[in-house]
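Novice: Give me coordinates for this.
(2 chains)
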Protein chains: 2
Amino acid sequence: MSIIAVGSVAYDSLKTPYGERERVLGGSATYFSIGASLFNHVNLVGVVGEDFDDADLNLLKSRNVSLEGLVHRPGKTFFWKGEYGKNLNEAITHDTQLNVFAEFDPEIPATYMDSDIVFLGNIHPTLQGKVIEQAGEGRFVACDTMNLWINETRDELLKVLRHTDILFVNEGEAKLLTGEPNTIRTGRSILKMGPKLVCIKRGEFGSILMDRDNIAMVPAFPVEKVVDPTGAGDTFAAGFLGHVARIGRFDFETFREAVKVGTVLSSIEIEDFSVERLKTITMEEIDKRLEEYRKIIS
Amino acid sequence: MSIIAVGSVAYDSLKTPYGERERVLGGSATYFSIGASLFNHVNLVGVVGEDFDDADLNLLKSRNVSLEGLVHRPGKTFFWKGEYGKNLNEAITHDTQLNVFAEFDPEIPATYMDSDIVFLGNIHPTLQGKVIEQAGEGRFVACDTMNLWINETRDELLKVLRHTDILFVNEGEAKLLTGEPNTIRTGRSILKMGPKLVCIKRGEFGSILMDRDNIAMVPAFPVEKVVDPTGAGDTFAAGFLGHVARIGRFDFETFREAVKVGTVLSSIEIEDFSVERLKTITMEEIDKRLEEYRKIIS
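Specialist: I've put the predicted structure just below:
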């Protein structure tokens, strides 16, 4: 099964307790595509500017990622400058330049239409809605979002959720979305909004996966050194959906295992800046860490 | 295997989002004894005043708890008045009256000396040290503590830790003790202080159990309604040590299972005020919730 991934492709300037990097590859669709392509073919939908580096294009091409849906526009690529303090859970944004992303109007190429899974990266819900419309019925739709959209474009987001199979959401954002302080009740509220599944992500405290009949509490992998948490959420989604695509089943046990694969993949990703670790990661390494992880959580 | 439990026996006045209770039974040794006695015999060491109710004495007696080490002194029983806001993780203390507890000088009766396990409830480390001295070598010593002792009596606490087999500690307190922001590295630091095992408790985020060679990440039970979190930590320890006493083995797999039993027992305890739920709880109910819990975390 292949996966359509829609989201930002960006350059990031980052500062973390472990160092600084200028204009390195970033963006939700980038992290997702490189991560998920370890498991299955990915069909990328995004936009880049004239400054987008051939080396970065070649990286994506080399990783089993189709780029027909990656539009090149006059102007500059989306740029984000951020910093993480000691509390690596939260980024401080110093600068956001939407650039060509401001006019992003996602279009799914006809050649992508055999994909069974759609990943809607964390972009404006109106754009997510357009993708859902183009994708039509019968695909498994996964959605990411953030506090900005929950606060500013709630109605559009609720419309998207009605057509979503799984929502990936941080615990704080889930509570913001539902106004419910208890996490489990938050999950139940979200399931009433449309998604068949919700995955509430709690960072270093693991995740909770819920559908109407089941709850799975999945611990985090015990990471001792987080070099750069950028992209952790997208990489988690990549491991999750990559695993689902690989297995080709849509039942709770597959999803539960998918949370573990997502957890492990993102635990590796954050060990270095940008997509550096994702570049060198192998399936053998993922399986080895999965085995270690299973011992820890068994 | 029986367990010596040393700690406070108290009356609490409580306010939580679910209501208020005046002068209800509380104290670390109380919660622990009632909880652990579901699994095995408990030998209680503590002190109460003249106001201690016969009904409460009878409750303990009826629960397979020896009271030879429960000293009766002129004066009043330890009293605590506290409140929990929406954030049920933290109590606001309105009043603490040590009363007879101020002169508490724990003495282990000779009849208790066949116990294999010692639980040191959250009391002054000097008192914990006295118990360790009386207990002598060869027993499995479990210790609880809190920020007060970490801040005010660090040296005494470090001395206790050198003779401790397992430390139960909240995540925030563990970080305070070690000065280490990363939780896993915090655990490793504590293991260097003496304990063979450390169980870092993260409230609604579960627990981490570590020894020098193993890590176990254990999720919380997904509780939707916390009526009164008082005693959750002591009840967790009760389930943990109760299970270890029942099994009679001191290996990592037994401890890992013990974390699950502690998690489940405390998840039931917090469903009502004071020890109300612990009074009615049955082993059948614990096993049923354990089964439900296993499905959630498997």
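Novice: helix, strand or coil for the residue in the stretch 1-150 of chain A positioned nearest to chain B?
Specialist: As assessed by Cβ to the nearest Cβ, chain B sits closest to A:K86 within the stretch 1-150 of chain A, at 6.0 Å. (Each C-beta comes from the backbone N, C-alpha and C, glycine too.) What DSSP: H, G, I helix; E, B strand; the rest coil gives for A:K86 is coil.
Novice: What distance do you get for it to A:L167?
Specialist: Distance of A:K86 to A:L167, computed by Cβ to Cβ, to the nearest Å: 30 Å.
Novice: between these two, who's got more neighbours?
Specialist: Neighbour count, other Cβ atoms under 10 Å in any protein chain shown: between A:K86 and A:L167, A:L167 has more, with 28 against 6.
Novice: Would you list the phi and psi of the nearest residue to that one once chain neighbours are set aside?
Specialist: Leaving out its chain neighbours, the residue that sits closest to A:L167 by Cβ to Cβ, 6 or more residues apart in numbering or on different chains is A:P195, at 4.5 Å. Main-chain dihedrals, A:P195, degrees, to the nearest 10: phi -60, psi 140.
Novice: surely A:P195 meets A:L161?
Specialist: Yes. Using Cβ atoms under 8 Å, A:P195 is in contact with A:L161, at 5.8 Å.
Novice: Excluding its own residues, what touches the helix or strand hosting A:K81? List them.
Specialist: Assigned by DSSP states H and E, A:K81 belongs to strand A:78-84. For strand A:78-84, the surrounding residues in contact (Cβ atoms under 8 Å, 6 or more residues apart in numbering or on different chains) are A:8-17, A:23, A:26-27, A:47, A:90-101, A:228-230.
Novice: For it, what does the pLDDT average out to?
Specialist: Mean per-residue pLDDT for strand A:78-84: 96.
Novice: Which residues of the stretch 1-150 of chain A lie near chain B?
Specialist: Residues of the stretch 1-150 of chain A lying close to chain B (Cβ under 8 Å from any Cβ of the partner chain) are A:K86.
Novice: Please enumerate the strands of the stretch 1-150 of chain A.
Specialist: According to DSSP state E, counting those that start in this stretch, the stretch 1-150 of chain A carries its strands in the segments A:3-6, A:10-16, A:19-26, A:42-48, A:65-72, A:78-84, A:91-97, A:117-120, A:140-144.
Novice: Would you mind giving those strands as CSV with distance to A:D287 and mean neighbour count added?
Specialist: Shown next, in CSV, are these (distance: least, Cβ to Cβ, whole Å; neighbours: other Cβ atoms under 10 Å in any protein chain shown):
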stretch, distance to A:D287, mean neighbour count
strand A:3-6, 20, 30
strand A:10-16, 28, 22
strand A:19-26, 26, 17
strand A:42-48, 20, 27
strand A:65-72, 22, 18
strand A:78-84, 29, 19
strand A:91-97, 31, 12
strand A:117-120, 22, 29
strand A:140-144, 23, 24
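Novice: List the contacts of the residue nearest the centre of chain A.
Specialist: Ranked by distance to the mean C-alpha position of chain A (Cα atoms, centre = their mean), the top residue is A:D234 at 2.3 Å. A:D234 sits next to A:G7, A:S28, A:A29, A:T30, A:Y31, A:F32, A:G35, A:G121, A:N122, A:D144 when contact means Cβ under 8 Å, 6+ apart.
Novice: what's the answer for A:T126, then?
Specialist: Counting by Cβ under 8 Å, 6+ apart, A:T126 touches A:T153, A:E156.
Novice: Check A:P219 too.
Specialist: Counting by Cβ under 8 Å, 6+ apart, A:P219 makes contact with A:F205, A:G206, A:T263, A:I296, A:I297, B:G206, B:M217, B:V218, B:P219.
Novice: Most neighbours of all these, which one?
Specialist: Top of the contacts of A:P219 by neighbour count (other Cβ under 10 Å): B:P219, with 26 neighbours.
Novice: doesn't A:E285 fall inside a strand?
Specialist: No. Going by three-state DSSP, the assignment for A:E285 is helix, not a strand.
Novice: Could you report the pLDDT at it?
Specialist: 96.
Novice: How much space separates it from chain B?
Specialist: Distance, A:E285 to chain B, by Cβ to the nearest Cβ, to the nearest Å: 19 Å.
Novice: that older thread, looking at the contacts of A:P219, spot the one nearest A:I150.
Specialist: Nearest to A:I150 among the contacts of A:P219 is A:F205, at 20.6 Å by Cβ to Cβ.
Novice: mind listing what the closest one touches?
Specialist: A:P219, A:A220, B:R202, B:F205, B:G206.
Novice: For the third one, give me the pLDDT.
Specialist: In other words, B:R202. pLDDT, B:R202: 93.
Novice: residues near the residue lying closest to it once chain neighbours are set aside, how many?
Specialist: Using Cβ to Cβ, 6+ apart and skipping residues adjacent in sequence, the residue nearest B:R202 is B:E171, 4.8 Å away. Applying other Cβ under 10 Å, we find 19 residues neighbouring B:E171.
Novice: which residues touch B:E171?
Specialist: Here B:E171 is in contact with B:T183, B:T186, B:I200, B:K201, B:R202, B:G203 (Cβ under 8 Å, 6+ apart).
Novice: show me where the stretch 101-250 of chain A has helices.
Specialist: Using DSSP state H, counting those that start in this stretch, the helices of the stretch 101-250 of chain A run over A:125-135, A:147-152, A:154-161, A:171-178, A:183-192, A:232-247.
Novice: With mean pLDDT as new columns, can those be given to me in JSON lines?
Specialist: Shown next, in JSON lines, are those (pLDDT from 0 to 100):
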{"stretch": "helix A:125-135", "mean pLDDT": "97"}
{"stretch": "helix A:147-152", "mean pLDDT": "94"}
{"stretch": "helix A:154-161", "mean pLDDT": "98"}
{"stretch": "helix A:171-178", "mean pLDDT": "96"}
{"stretch": "helix A:183-192", "mean pLDDT": "96"}
{"stretch": "helix A:232-247", "mean pLDDT": "97"}
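Novice: deepest of the ones you listed, which one?
Specialist: Ranked by mean neighbour count, the helices of the stretch 101-250 of chain A are led by helix A:232-247 with a mean of 26 (mean count of other Cβ atoms under 10 Å in any protein chain shown).
Novice: Give me the buried stretch members for the helix ranked longest in chain A, please.
Specialist: When chain A is scanned for its longest helix (criterion: DSSP state H), the result is helix A:252-269. By neighbour count on 16 or more other Cβ atoms under 10 Å in any protein chain shown, the buried set for helix A:252-269 is A:255-269.
Novice: Could you do stretch A:279-290 as well?
Specialist: Quick answer for stretch A:279-290 (16+ other Cβ under 10 Å): A:I281, A:I286, A:R289, A:L290.
Novice: who's in contact with the second one?
Specialist: Counting by Cβ under 8 Å, 6+ apart, A:I286 touches A:L38, A:G239, A:V261, A:V264, A:L265, A:I268.
Novice: And the helices of the stretch 101-250 of chain A: which comes nearest B:L60?
Specialist: helix A:183-192 (33.6 Å).
Novice: ok, residues contacting that closest one?
Specialist: Under Cβ under 8 Å, 6+ apart, the answer for helix A:183-192 is A:161, A:167, A:169, A:171, A:174-175, A:177-178, A:180, A:197-198, A:200, A:202, A:208, A:210-212, A:215, B:204, B:222-224.
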